[in-house]
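Q: Predicted structure and sequence below. I'll ask about it afterward.
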Amino acid sequence: KNEVEQSPQNLTAQEGEFITINCSYSVGISALHWLQQHPGGGIVSLFMLSSGKKKHGRLIATINIQEKHSSLHITASHPRDSAVYICAVRSTTSGTYKYIFGTGTRLKVLA
Amino acid sequence: ETGVTQSPTHLIKTRGQQVTLRCSSQSGHNTVSWYQQALGQGPQFIFQYYREEENGRGNFPPRFSGLQFPNYSSELNVNALELDDSALYLCASSLERQGNEQFFGPGTRLTVL
């Protein structure tokens, strides 16, 4: 079992829909990142959070430390949101701040 | 403020060869982490360098090695290339060993034939 699990693996939505991507993890963490990766590889950091909720434009990220779960929400989705969304946790194992990544959720938003 | 840059963008090698990938960290950042991302997978942590010293390593064999220079730029070296080394190699820089938010480079896509 992976230490960071994302669901769903693939998601197709119509423009304007509300989207939720989930991330569950099984290790101790000091922070969780949501990342966006477009075709070609470049990764952009969307959020880094260790508690509560953050909002940036149409994106909202929440984390529940007790339940070891985080969600990324996209409101009023748009075709330009099509990308792979990756959850990454900053593990505190062995004193090394190691990042563990989920396998990503591939989102396609149709016009 | 200059972002994280990587070179080359693409590279093709054959089995058994050696490769060096380069990363320039974002201005002011002293920590560089390297990741391998196989097709369809999430990135896997290779190692991290903080102030020119290795600060942690993932499950990669010794033929994966690295360096960090006084200006905090970094190199990833892979010896005796294998077909399974074909992947996107990402570097990310951050400030301080504790790993404040990481900023990723565009990656180097390595193909081993």
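A: Nice, thanks for sending it over. Numbers count the residues shown, from 1 in each chain, chains lettered A, B, ... in the order given.
Q: shaky segments in chain A?
A: Where chain A drops to pLDDT under 70, the residues are A:93-97.
Q: Report whether the helix or strand containing residue B:56 contacts chain A.
A: Per DSSP states H and E, residue B:56 falls inside strand B:53-57. Yes. With Cβ under 8 Å from any Cβ of the partner chain as the criterion, chain A is reached by strand B:53-57 at B:55, B:56. In short, each C-beta sits where N, CA and C put it, glycine included.
Q: Tell me the neighbouring strands of that strand, and mark each as parallel or antiparallel.
A: Using DSSP bridges, the strands paired with strand B:53-57 are strand B:44-50 (antiparallel).
Q: now the strands: where do they sit in chain A?
A: Taking DSSP state E as the criterion, chain A contains strands spanning A:4-7, A:10-14, A:19-25, A:29-37, A:43-49, A:52-56, A:59-64, A:69-74, A:83-91, A:98-101, A:105-110.
Q: Can you point out the buried residues in the fifth one?
A: Within strand A:43-49, the residues that qualify as buried are A:43, A:46, A:47, A:48, A:49, counting by 16 or more other Cβ atoms under 10 Å in any protein chain shown.
Q: Leaving out sequence neighbours, find the closest residue to residue 65.
A: I went with chain A, as the question did not name one. Spatial nearest neighbour of residue A:65, chain neighbours left out: residue A:51 (6.2 Å); criterion: Cβ to Cβ, 6 or more residues apart in numbering or on different chains.
Q: Chain B is the one I meant
A: Leaving aside its chain neighbours, residue B:65 sits nearest to residue B:77 (4.9 Å; criterion: Cβ to Cβ, 6+ apart).
Q: Do I have it right that residue B:82 meets residue B:112?
A: Yes. Using Cβ atoms under 8 Å, residue B:82 is in contact with residue B:112, at 6.6 Å.
Q: list residues touching both of the two?
A: Shared contacts of residue B:82 and residue B:112, defined by Cβ atoms under 8 Å, 6 or more residues apart in numbering or on different chains, are found at residue B:15.
Q: touching chain A at all, stretch B:29-42?
A: Yes. Contact between stretch B:29-42 and chain A, assessed by Cβ under 8 Å from any Cβ, occurs at B:33, B:35, B:37, B:40, B:41, B:42.
Q: Contacts made by stretch A:50-67 with the rest, please.
A: With Cβ under 8 Å, 6+ apart as the criterion, stretch A:50-67 contacts A:29-32, A:34, A:46-47, A:49, A:69-78.
Q: Near chain A, which residues of chain B are found?
A: With Cβ under 8 Å from any Cβ as the criterion, chain B meets chain A at residues B:33, B:35, B:37, B:40-45, B:48, B:55-56, B:58, B:88, B:90, B:92, B:97-99, B:101-107, B:109.
Q: The residues you listed, buried ones only, as a PyMOL selection?
A: With 16+ other Cβ under 10 Å as the criterion, this PyMOL line picks the buried residues out of the residues of chain B next to chain A:
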select buried, chain B and resi 33+35+37+42+43+44+45+48+55+56+58+88+90+92+97+99+102+103+104+105+106+107+109
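Q: As a check, name the ranges of all strands in chain B.
A: Going by DSSP E, chain B shows strands at B:5-7, B:10-13, B:19-24, B:31-37, B:44-50, B:53-57, B:64-68, B:74-78, B:87-94, B:103-104, B:108-112.
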